[in-house]
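# sequence and predicted structure are below.
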Amino acid sequence: MNADFSAAAASKAAERRGGAGYVQRAGVHDEMVDAAGVVRPAWRGLVSAWIEAGPEGRGQIGRDARRALEEAGLSFNPYLDTGPGAARSGVAAPWRFDHFPLAISAEEWARLAAGVAQRTRMAEKVLADIYGRQSLFTSGALAPAAVLGGGGYMRAAALWDRPPKRWLLRSAVDVARTASGEWVVLDDAFDRPEGVGWALANRVALGQAASEMFVSSGARRLARWFDALREALERDAAAEGRMACVTPGPSDPAYFSYAYLARYLGLTLVEPGDLAARDGEAHVKTLEGLRRVDVMLRGASSAGIDPLYAPGRAGHSVGPPGLLRAARLGRVSIVNAIGAGAVDGRVLAPFSAQLIRDLLGEEPILAEAESLWLGDPVARARYLDDPHGWRVTETAAVSRPGSGVEDALAGLERPGLERKLAREGWRYVARAPVRTGLAPCAQAGGAADALSGGELTGAPFAMRLFVLAGPEGAQVMPGGLAFSAPEGPLDALPWRGASKDVWVVDAAPGGAGLALGGEPAATSRLGERRRVAHLQRTGRDLLSRVADDLFWLGRYGERADLTLRVLKIVIERMIDAPRRAEEPALLARLLALRMDAPPADAAPEPAPDVAELRLRIMRLAVDPELPESATRAVEAIYWNANRARAHLSRDAWRDVGALHAAPLWRMAPDPARALSIGGRIEDAIRSLAAFAGASHENMTRNFAWRFLELGRRLQRGMHVAQMFRALAATPDDDEPTTLYALLLLCDSFFAYRSRYLTTPEAVPAIDLLILDEANPRSLAYQVAQAEAVLGALPRATPYRNPEHRKALRLLTDLRVAEAPALGEVDATGRRAALLGLVDDAEEALLAIAELVTNAYFAHAEPALTEVSAMRFEPPKEPGA
């Protein structure tokens, strides 16, 4: 590598290549280059590898990193959804990732880490005091109104006989670099320090995509910090105790961060409805009853953890009534401790420097962005002298993903402003926005060197750092979650910017290899008691809510499959220029299988024209307003797979991701394009088949697999019954054509041809698709498989459950039925025996689905719509 790292040399190279060069702004601190235009030492290994990668290599790094994030579930940030279909309405947003990391030298990091650790130690002492003796209030070191009126203080957490061992096991501090080069604190996140899962996902993705660049840079690893976090949680758990990560559910913008972290640490991810409090203990609801939880990593606010202590928050609580009592009795450890929100946001900002001096006997290492508590008359007068130079927030307001920190007093004229502050100034903190320094960001396009080809440009930034309180003192994660920001001063973490990985670079780069998944290897530090595992095979403690998700994942997979096969056949027959006058009527009947079909006794409708058929095709394919459309089914598949992802294989998840990411679902329902989507329909069918194969071959035959399988078999059985009632129960004038379409829909045409060298006939088709248990597409096969699964589910008595008995009766009816009798046409022109059998079968399968729901799922989440209809959760406001 050429040792000349000056910007001047880069500019000359830019001139030779016609590039714009990396622009260094005068008078503004730049992270990568110093005032003389020379690349800083911490960046040299990174910049060298970046340049050597070349344009193609750098582009490949970006593509590989994005692909890794998509596989992790960040492609369209589905966790911002409030239910299936929400992403199509524009609620979700892409996860923006800048694949050029932010490098920080070891020397500078030492000061940063010491500063945020110092701040966490101070906050720990403040919490212990304000929920105990409250000497800080009586001494005047901390204004009571600032804390007690901020909304985060919980009186139910005060004066416990057994106070928490530690209030802040983990915390986060948001920092920014000023234009002059000094680090300042923007915000504290002590109640629920969000983002560590995103930081981990970014590191794993970039570690996979740029492993050589990571090694050559000498960046520190994160694995040891996460081992320490897991070990810290285990200290409060019994030898075989359960540890859970509690979240508000997928409607919360930070859900992904916690879901990813829970998978990485091996925690049970729980949502509202999964928890119960009994006899002063916390439990999760499983298929076999309640199972005690020893430790909860809290991803919900303290105020919403127990509805008994959250007045005015009905419907927004995450925990069950009695959870706070269990914590107070010391029977469950909740991390962070309930009540930590009392010092969240900017509550401590105006007092932090003096609190550090008083409580720790130290001088502050990091400066605070200038802040005024407007309950203080002197500070209020200063603010009123120049209100436009400040941004005002409520004291406990925290910048969260999906929502910024807005100016709480914007729009008030001077008289109204003075009156409001005189009356309730104690509620507000004024913050002077910070003019920040710049960090290099990778840009799309460009074809030359990192410094000289226009690929990098400086942008304002801020970052969140994460702290773990360990037995040997605070441990700061050697990395973080950085975000680039638009031009202008900052007063909070810019969540809407592009996220960046943070690399802490040692002076002597190491040559350590990478562990599986892209994260650098590290020696495990987990406790000895976790090294001895008690053998388990059944997985009988599956959460009821997860079983429900898997059950509906199987059902929606079958709904999508039938819808796509209907579309495929209709498009193919329209392209083949039908020769018969009856063809449009048949195509309409096929489409009606997945759209609103007329009643069986309704008069025949006129055959639709080609324009109407085209419109129906596109609506059934991509119209998000049509509940039966393929795009809605695919969205539901992705939504349920996300919620149950810990139980899916990696290949199965990739197949779901590929299906969901297909461009087809983002097309407008334009009838003019109806016949051109056939290839994309086939691609989607193949993705569904790949998912079915991966889940069948790679999932352990535990309860998770059984509920996925049960949902699939019940739904496919219903579909076979519906198809025969609609297409074969009443013979038409061209029955071979109708039976041919029916065989194609059931993917059994070649099985039929291998047995019968004739055009399709009713009795052989009935035998193959209704009675033949050797055909995996037949009704009998679905019922037999469902009966086997039902027999393996937990039951409270030695006798068969009602749903199992119903499946056995239906299977017996199918086994004693005879195809010739079912194929007979009576005097009314109908196959009455066949119609009666498929009607009974559909009714029984629907009843089984409802019985399964009531037996295993109903206690785990609020009532939905028709239990065997569409599983869409009640709509919620984003962020609710």
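Everything's here; your move.

# make it CA atoms for all contacts and neighbour counts henceforth
Will do.

# show me the contact partners of stretch 665-677.
Residues outside stretch 665-677 that contact it (CA atoms under 8 Å, 6 or more residues apart in numbering): 88, 571, 574-575, 611, 614-615, 617-619, 621-623, 631, 664.

# show me how the record splits the chain into domains.
According to automatic domain parsing, the chain comprises the domains 102-196+222-442+456-506, 545-699, 702-871.

# reformat those as a markdown table; add mean neighbour count and mean pLDDT.
Output for the domains of the chain, formatted as a markdown table (neighbours: other CA atoms under 10 Å; pLDDT from 0 to 100):
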| stretch | mean neighbour count | mean pLDDT |
| --- | --- | --- |
| domain 102-196+222-442+456-506 | 20 | 90 |
| domain 545-699 | 19 | 88 |
| domain 702-871 | 18 | 89 |
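
# for those domains, which one sits closest to Asn202?
domain 102-196+222-442+456-506 (5.9 Å; CA to CA).

# from the middle of its chain, how far away would that closest one be?
21 Å (CA atoms, centre = their mean, to the nearest Å).

# got the phi and psi for the nearest residue to Arg96 once chain neighbours are set aside?
Residue nearest to Arg96 in three dimensions, not counting chain neighbours: Ala498, with 4.6 Å by CA to CA, 6 or more residues apart in numbering. For Ala498, the backbone dihedrals (degrees, to the nearest 10) come out as phi -80, psi 130.

# contacting residues for Ala498?
Residues near Ala498 by CA under 8 Å, 6+ apart: 95-98, 483-485.

# next one: Gly791
Counting by CA under 8 Å, 6+ apart, Gly791 makes contact with 800, 804.

# for Ser257, same thing?
Counted by CA under 8 Å, 6+ apart, Ser257 has contacts 194-198.

# check Met122 too.
Going by CA under 8 Å, 6+ apart, Met122 touches 355-356, 359-360.

# re earlier: mind checking which of the contacts of Ser257 land in strands?
With strands taken from DSSP state E, there is no overlap with these.

# let's have these in a markdown table, adding distance to Pro802.
Shown next, in a markdown table, are the contacts of Ser257 (distance: CA to CA, whole Å):
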| residue | distance to Pro802 |
| --- | --- |
| Glu194 | 45 |
| Gly195 | 46 |
| Val196 | 46 |
| Gly197 | 43 |
| Trp198 | 45 |
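
# kindly indicate which of those lies nearest Pro320.
Nearest to Pro320 among these, with distances taken as CA to CA, is Glu194, at 22.2 Å.

# quick one, phi/psi of the closest one?
Dihedral pair for Glu194: phi -80, psi 150, per degrees, to the nearest 10.

# how near is it to Asp344?
For Glu194, the distance to Asp344 equals 12 Å [CA to CA, to the nearest Å].

# so which helix or strand takes in Glu418?
Glu418 is part of helix 414-424 when elements are defined by DSSP states H and E.

# could you identify the helix or strand that succeeds that helix?
strand 428-431.

# sheet partners, orientation included, of that following strand?
Taking DSSP bridges as the criterion, strand 428-431 forms sheet pairs with strand 371-373 (antiparallel), strand 391-394 (antiparallel).

# would you mind writing the CA trace of the helix or strand hosting Ala205 as PDB?
Ala205 is located in helix 196-209, with elements delineated by DSSP H and E. This file holds the C-alpha atoms of helix 196-209, laid out as PDB (Å, rounded to 0.1, in the frame of the first residue of the first chain):
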ATOM      1  CA  VAL A 196     -28.100  -3.200  20.200                       C
ATOM      2  CA  GLY A 197     -29.700  -5.800  18.000                       C
ATOM      3  CA  TRP A 198     -29.400  -3.500  15.000                       C
ATOM      4  CA  ALA A 199     -25.800  -2.800  15.800                       C
ATOM      5  CA  LEU A 200     -25.200  -6.600  16.000                       C
ATOM      6  CA  ALA A 201     -27.000  -7.200  12.700                       C
ATOM      7  CA  ASN A 202     -24.900  -4.500  11.000                       C
ATOM      8  CA  ARG A 203     -21.700  -6.000  12.300                       C
ATOM      9  CA  VAL A 204     -22.600  -9.500  11.200                       C
ATOM     10  CA  ALA A 205     -23.700  -8.300   7.800                       C
ATOM     11  CA  LEU A 206     -20.600  -6.200   7.200                       C
ATOM     12  CA  GLY A 207     -18.400  -9.000   8.700                       C
ATOM     13  CA  GLN A 208     -19.700 -11.400   6.100                       C
ATOM     14  CA  ALA A 209     -19.400  -8.900   3.300                       C
END
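
# what residues does that helix touch?
Residues contacting helix 196-209 (CA under 8 Å, 6+ apart): 60-62, 64-66, 68-69, 72, 97, 99, 214, 222, 256-261, 466, 479-481, 500-501, 514, 517-520.

# in strands, which of those fall?
Per DSSP E, the subset of those in strands is 97, 99, 466, 481, 500-501.

# from those, which two are the most distant?
The most widely separated members of the ones in strands among the contacts of helix 196-209, counting by CA to CA, are His99 and Phe466 (20.8 Å).

# which is the next helix or strand following the strand or helix carrying Thr120?
Following DSSP H and E, the helix or strand that holds Thr120 is helix 106-130. Per DSSP H and E, the first helix or strand lying C-terminal to helix 106-130 is helix 135-139.

# what is that next one packed up against?
Using 3 or more CA pairs under 8 Å, 6 or more residues apart in numbering; DSSP states H and E, the elements in contact with helix 135-139 are helix 106-130.

# between the contacts of Ser257, which is closest to Leu714?
Each of the contacts of Ser257 was checked against Leu714 using CA to CA; the closest is Gly197, at 36.6 Å.

# once you drop chain neighbours, what's closest to that closest one?
Ser257 (4.0 Å).

# cool, Glu572 as well?
Going by CA to CA, 6+ apart, Glu572 has Gly678 as its nearest residue, at 7.6 Å.

# for that neighbour, give me phi and psi.
phi -60, psi -40.

# so what's it up against?
567-568, 571-572.

# for it, give its distance to Ile571.
Taking CA to CA, one finds Gly678 at 7 Å from Ile571.

# now do Arg716
On the measure of CA to CA, Arg716 and Ile571 end up 22 Å apart.

# can you pull out the strands in the stretch 201-350 of the chain?
For the stretch 201-350 of the chain, the strands defined by DSSP state E, counting those that start in this stretch cover 242-246, 268-270, 275-278, 281-286, 289-298, 333-335.

# got TSV for those strands, with distance to Gly829 too?
Converted to TSV, these look like this (distance: least, CA to CA, whole Å):
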stretch	distance to Gly829
strand 242-246	60
strand 268-270	55
strand 275-278	56
strand 281-286	51
strand 289-298	52
strand 333-335	68
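
# quick one, which of those gets closest to Val656.
Short answer: strand 268-270, nearest of these by CA to CA, at 20.3 Å.

# partner strands of that closest one, with direction?
Going by DSSP bridges, the partners of strand 268-270 are strand 242-246 (parallel).

# can you list contacts of the strand it pairs with?
Residues outside strand 242-246 that contact it (CA under 8 Å, 6+ apart): 233-234, 237, 258, 262, 267-271, 292-300, 318.

# try it again at 6 Å.
Around strand 242-246, the neighbours that count as contacts under CA atoms under 6 Å, 6 or more residues apart in numbering are 267-271, 293-299.

# what of stretch 343-360?
122, 187-190, 363-364, 371-373, 395-398.

# end to end on that stretch, go ahead and measure it.
Start-to-end span of stretch 343-360 (CA to CA) is 17 Å.

# export the helix holding Glu418 as PDB, just CAs?
What follows is helix 414-424, C-alpha atoms only, in PDB (Å, rounded to 0.1, in the frame of the first residue of the first chain):
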ATOM      1  CA  ARG A 414     -44.300  34.900  23.100                       C
ATOM      2  CA  PRO A 415     -47.200  35.700  25.500                       C
ATOM      3  CA  GLY A 416     -48.500  32.100  25.300                       C
ATOM      4  CA  LEU A 417     -45.000  30.700  25.700                       C
ATOM      5  CA  GLU A 418     -44.400  32.800  28.900                       C
ATOM      6  CA  ARG A 419     -47.700  31.700  30.400                       C
ATOM      7  CA  LYS A 420     -47.100  28.000  29.700                       C
ATOM      8  CA  LEU A 421     -43.600  28.000  31.100                       C
ATOM      9  CA  ALA A 422     -44.600  29.900  34.200                       C
ATOM     10  CA  ARG A 423     -47.400  27.400  34.800                       C
ATOM     11  CA  GLU A 424     -45.600  24.100  33.900                       C
END
